[in-house]
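Asks: Quick check, what structure comes out for this input:
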Amino acid sequence: MQHDEVFLQWTNKKKPTWDTNHCQNLQTVFPNANNTAPLINEPTDDVKNQMLLGNDHQVMAWLLANGFQQSFDCIYIDPPYLSDTQYYAQVKIETENGTQQVKQPVFHDSGYRHRSAYLQNLYQTIAMAKELLSAQGSLFVHLDWHSSHYIKIIMDEVFGARRFINEIVWCYGGGSGARRHFHRKHDVILWYSRGEDYIFNPQHRPYSPGTLQRGLTKVKGDRYKLDSRGALLQDWWVDIPKILSPTAENNWKFPTQKPVELLERIIKTSTLENSLVGDFYAGSGTTAEACENLGRRWVISDNQVYSIQTSLHRLVRNNSRPFIIGNLQSPPGAKGQLSVETRIEPQLWGCDLTVVLQSYQPNDIRQSSLSWIDFWELGWVKDGAFFSTVQVLPRKRGQSIPVSLTVRIDEGQWEDLMVQAWDIQGGPVMVPVKSVNT
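Replies: Below is the predicted model of the structure:
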């Protein structure tokens, strides 16, 4: 008996194809925030995690051409939703004249006017993600009511309808101005596996107070006992709130940021301790932080410099394992002019090197102010790549940043040092440490 096949059709639909790309190593980061320990150029052989600047197709094509085929046990993507919205990041910074709100464009979701291009793009993404998945791997696609119905049919085509596992409904609260319909307060996460024997680690939720009070024995008899881990989790999740408070410690002021608890649950469900996890719409870097918390290896990417910068800042603050930042598109240009002062004092062992930021002037701002610096780093340039070994962070993003750092180094080692500062609007500027007063 021949089964009918159901496909989604759109204008100019074509089968996915891809070419190889070149990836330039921009920097290797050894998280060491605000530390005055000796500055050491550490080896890079064991750096396994990667953060890549490039769109999802560029990055996945490069991964497929460089030994990552069938390597990922979990891929999570949070692509645009057809929402027809311009998304901004908004950060308050402390300046000499008081607090200033900085509004940074992040990306534009073009909406239904470009629906065919949107569907073709995600068709390609889903097909490439399948090639990257291991035999036991899973793909999670995070969407909402705008497009989830389209993408589920595409995923049926690429993976086969039998590889569908769950439609997870993530419910959350928050205000809404809706007056002509019920408030839309849930997202949909479509879960498909590459093969039949996929990784699944059941998750649990706390029992309700009523269940704890009466137990199971009154209903099912003495043979049944409450599981100490809780009740098995269903496919609707109401216990993970959205990040709504602008003053929340974990709010990175990124417009599409998801709670780290949400990603931790997905990763716990679908991976093992040695698993590799991918996210090719990385946003604020939530997936990487979740992997760090759980000890998983990761590759994340985004095509926006501001996303890479936010993820870098976040992972350094989280004291993550070392990671590489690579680039598959036009390198980010310098954002402004940075001036530093350095001095060196000989000690019994080595020298104390002090670096002081003197001034910073963004290219598009007339006034010079260090308040425009998100964070800064100290390290070496080797073979065209920056090795970041100390990072100087504010207590919280947007607040005043320490402008000086003292490190102990070997005599003469300062000659190859560089300072790299990141503008709060997204982008780095680098200057050499070359003016030393003895």
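
Asks: Got the domain ranges for the protein?
Replies: The record, using automatic domain parsing to delimit domains, assigns the chain the ranges 24-29+40-327, 336-437.

Asks: Turn those into JSON lines, columns for mean pLDDT, mean neighbour count and distance to Pro16.
Replies: Heads up, the C-betas are built off the backbone N, CA and C, glycines and all. Supplementary listing: the domains of the chain in JSON lines, determined by pLDDT from 0 to 100; neighbours: other CB atoms under 10 Å; distance: least, CB to CB, whole Å:
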{"stretch": "domain 24-29+40-327", "mean pLDDT": "92", "mean neighbour count": "18", "distance to Pro16": "4"}
{"stretch": "domain 336-437", "mean pLDDT": "86", "mean neighbour count": "17", "distance to Pro16": "30"}
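
Asks: Need these in a markdown table (columns: distance to Lys15).
Replies: Output for these, formatted as a markdown table (distance: least, CB to CB, whole Å):
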| stretch | distance to Lys15 |
| --- | --- |
| domain 24-29+40-327 | 8 |
| domain 336-437 | 35 |
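
Asks: To Lys13, which of those lies closest?
Replies: Of all these, domain 24-29+40-327 sits nearest to Lys13, with 6.4 Å by CB to CB.

Asks: Surely Gln367 touches Gln361?
Replies: Yes - Gln367 is within contact range of Gln361, at 7.5 Å (criterion: CB atoms under 8 Å).

Asks: can you pull out the helices in the stretch 101-250 of the chain?
Replies: Taking DSSP state H, counting those that start in this stretch, the helices of the stretch 101-250 of the chain run over residues 115-132, 148-159, 209-214, 217-220.

Asks: looking at those, which is closest to Asn318?
Replies: Closest of the helices of the stretch 101-250 of the chain to Asn318 is helix 115-132, at 25.1 Å (criterion: CB to CB).

Asks: The closest one packs against which elements?
Replies: With contacts taken as 3 or more CB pairs under 8 Å, 6 or more residues apart in numbering; DSSP states H and E, helix 115-132 sits against helix 56-65, strand 72-77, strand 133-143, helix 148-159.

Asks: Could you rerun that using 7 Å?
Replies: For helix 115-132, the helices and strands in contact under the criterion 3 or more CB pairs under 7 Å, 6 or more residues apart in numbering; DSSP states H and E are helix 56-65, strand 72-77, helix 148-159.

Asks: In a markdown table, list these along with distance to Ser208.
Replies: A markdown table is the format used below for the helices and strands packed on helix 115-132 (distance: least, CB to CB, whole Å):
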| stretch | distance to Ser208 |
| --- | --- |
| helix 56-65 | 40 |
| strand 72-77 | 29 |
| helix 148-159 | 29 |
